[in-house]
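**Student:** Here is a sequence with its predicted model. Questions after.
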Amino acid sequence: MRAAVIHEFKQPLTLQNVDVPVPQADEVLVQVEACGVCHSDLSIADGDWPQLKRLFKIPLIPGHEVVGRVVKAGSSVIDLAAGDRVGIAWVHSSCGACDLCQEGLENLCPKQTITGVSVDGGYAEFIRAKASHAIKVPEVLTPEQAAPLFCAGVTSYRAVKLTGIQPGQRLAVFGIGGVGHLAVQIAKSFGAHVIAVDTTEGKLKLARDLGADQTLHASSEGIGKTFHSMGGVHAAVVTSSAKAAYAQAFYAVRPAGTLMVVGLPAEDLAFPAILMREIKIRSVATGTRQDMREVLKLAADSKIRCLVKTCSLSQINEVFDKMRMGQITGRIAIKM
Ligand code: ZN
Ligand code: ZN
C-alpha cells in the first residue's frame, strides 16, 4: 500500500510502498478514505516534542484524524463489520483498568497507545485499529468533513465542555484556526455569547460567518477595555500558541472564570499570582470516546461544520511547508 513515512526527524516524509497491516483478533483493518493533517503531525515529523520521543515508533506513518471503511474484522470483534465507516483518533487504545480509565478519563491513561506516534497512523491506504476505539461515523458526513473532528473537533469540544459554560454566558475564543473555528461553533451550540479574537481580519470574518456574536482584533488598542466594560468573560478558550494571546486572555477572564489552555506555546506559561481573582486555569488533552460521539452528533445535526480543503497523499510535504508558514485556514485533509 502507499504511505507517507517518517524515517528521520526534520526530513520530508517519504512516499513509499509498505505492507498492508494485519489486524489482530481485537482489531479491524480500515481502508482509509480521508486523514486530517493536524499541526501535531508537523511537530512530530520535525521532532519538536522531545518529551514524547521515547514513545515514537520509527519508521512511522503519522496521522491521527482518520476516517475509512472497515474491510476486515479480527476474530474476536463483535460490534464492527466490513463496510462500517469508522474514525480513529489520537488515543489508539487505553487500558480500561487504571484509575484514570476507571474514572472516565481514558484520554489521560498512562498506558495508552497513540495513533501516528506509537503506532502507525492514517497517512496510508490502510490502517489497523482497536475495534474498541474505532468510532462509528454517521453516513451523512463525508469522510473529509468527519476526519478533522477526530482531533481538532474533539479537542475543541472537550475544551468548551470543560469550561462549564452555561447558556447566555460570555465565552471568548482566542485564535480562529483549525481548532478555534470549531470552538466558536461548539460554544454557540452550548448557548454561549461568543467573542472571537484573532490577529487577522480574514479569520475574524470567518468567525462571524460561523456565528460569533462579536469579533475583536487582537492588536486593537482598546481590547482590554472592551473586555473590562463587559465585565470580563466567563471562559476564555485559547487555541493560539502565542504567549501574547494567553496574556490577553488572562485579563479578559472575569473573577472566578476559566482560562482554558489548548494551544501550546514552546515556553512555559506564567501568570501573576496576585491577580488570580479565583480564576481557574485548566488544560485539555484531546477527548474521550464519549466526547467523540457527542461531537460527531453535533456535526451530523449540522450544528458545526469544519472548513476543510483536501489534498492528495503525494502533496503532504507541500502542505507541511504551508503549515510551517502559517498559510492554512481551517483544516486540510488527505483524500485517499
Ligand atoms: Zn491532532
Ligand atoms: Zn488506563
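**Tutor:** Alright, I've got the coordinates. Ligands and ions are numbered 1, 2, ... in the order given.

**Student:** Ala266: neighbour count?
**Tutor:** Neighbour count for Ala266, taken as other Cβ atoms under 10 Å: 7. Any C-beta I mention is one placed from the backbone N, CA and C, and that applies to glycine too.

**Student:** For it, give me its contacts.
**Tutor:** Ser241 (Cβ atoms under 8 Å, 6 or more residues apart in numbering).

**Student:** do Pro143 as well
**Tutor:** Contact partners of Pro143, counting by Cβ under 8 Å, 6+ apart, are Glu33, Ala34, Val67, Gly68, Arg85, Val137, Ala333, Lys335.

**Student:** and it, what are its phi and psi?
**Tutor:** Torsion angles at Pro143 (phi, psi; degrees, to the nearest 10) stand at phi -60, psi -40.

**Student:** who in the stretch 51-200 of the chain is up against ligand 1?
**Tutor:** Proximity of the stretch 51-200 of the chain to ligand 1 is confined to Cys151 under the rule Cβ under 5 Å from the ion.

**Student:** In the stretch 51-200 of the chain, what residue spans correspond to strands?
**Tutor:** 66-73, 85-88, 91-93, 113-114, 126-130, 135-136, 170-174, 193-198 (DSSP state E, counting those that start in this stretch).

**Student:** For the stretch 1-150 of the chain, which segments count as helices?
**Tutor:** Here the stretch 1-150 of the chain has its helices, by DSSP state H, counting those that start in this stretch, at 39-45, 99-102, 143-146.

**Student:** Need the winner for burial among those helices.
**Tutor:** Neighbour counts (mean count of other Cβ atoms under 10 Å) averaged over each of the helices of the stretch 1-150 of the chain peak at helix 143-146, with a mean of 24.

**Student:** got the CA positions of that one in PDB?
**Tutor:** Only the C-alpha atoms of helix 143-146 are listed here, as PDB (Å, rounded to 0.1, in the frame of the first residue of the first chain):
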ATOM      1  CA  PRO A 143     -15.000  11.400   5.100                       C
ATOM      2  CA  GLU A 144     -13.200  14.700   4.700                       C
ATOM      3  CA  GLN A 145     -15.800  16.500   6.900                       C
ATOM      4  CA  ALA A 146     -15.600  13.900   9.600                       C
END
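
**Student:** pLDDT (mean, whole number) over that helix?
**Tutor:** Helix 143-146 comes out with an average pLDDT of 97.

**Student:** just stretch 228-237 next, same as before
**Tutor:** Per-residue scores along stretch 228-237 average to 98.

**Student:** Also stretch 299-307?
**Tutor:** 95.

**Student:** Now do the buried residues in that stretch.
**Tutor:** For stretch 299-307, a neighbour-count test (16 or more other Cβ atoms under 10 Å) marks Ala299, Ala300, Ile304, Cys306 as buried.

**Student:** okay, it in PDB with CA atoms only?
**Tutor:** Presented in PDB, the C-alpha positions along stretch 299-307 are these (Å, rounded to 0.1, in the frame of the first residue of the first chain):
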ATOM      1  CA  ALA A 299     -21.700  17.600  13.100                       C
ATOM      2  CA  ALA A 300     -24.400  15.200  11.900                       C
ATOM      3  CA  ASP A 301     -27.100  17.600  13.200                       C
ATOM      4  CA  SER A 302     -25.400  20.400  11.100                       C
ATOM      5  CA  LYS A 303     -24.600  22.400  14.300                       C
ATOM      6  CA  ILE A 304     -20.900  22.600  13.300                       C
ATOM      7  CA  ARG A 305     -19.100  22.300  10.100                       C
ATOM      8  CA  CYS A 306     -15.400  22.100   9.600                       C
ATOM      9  CA  LEU A 307     -13.800  24.300   6.900                       C
END
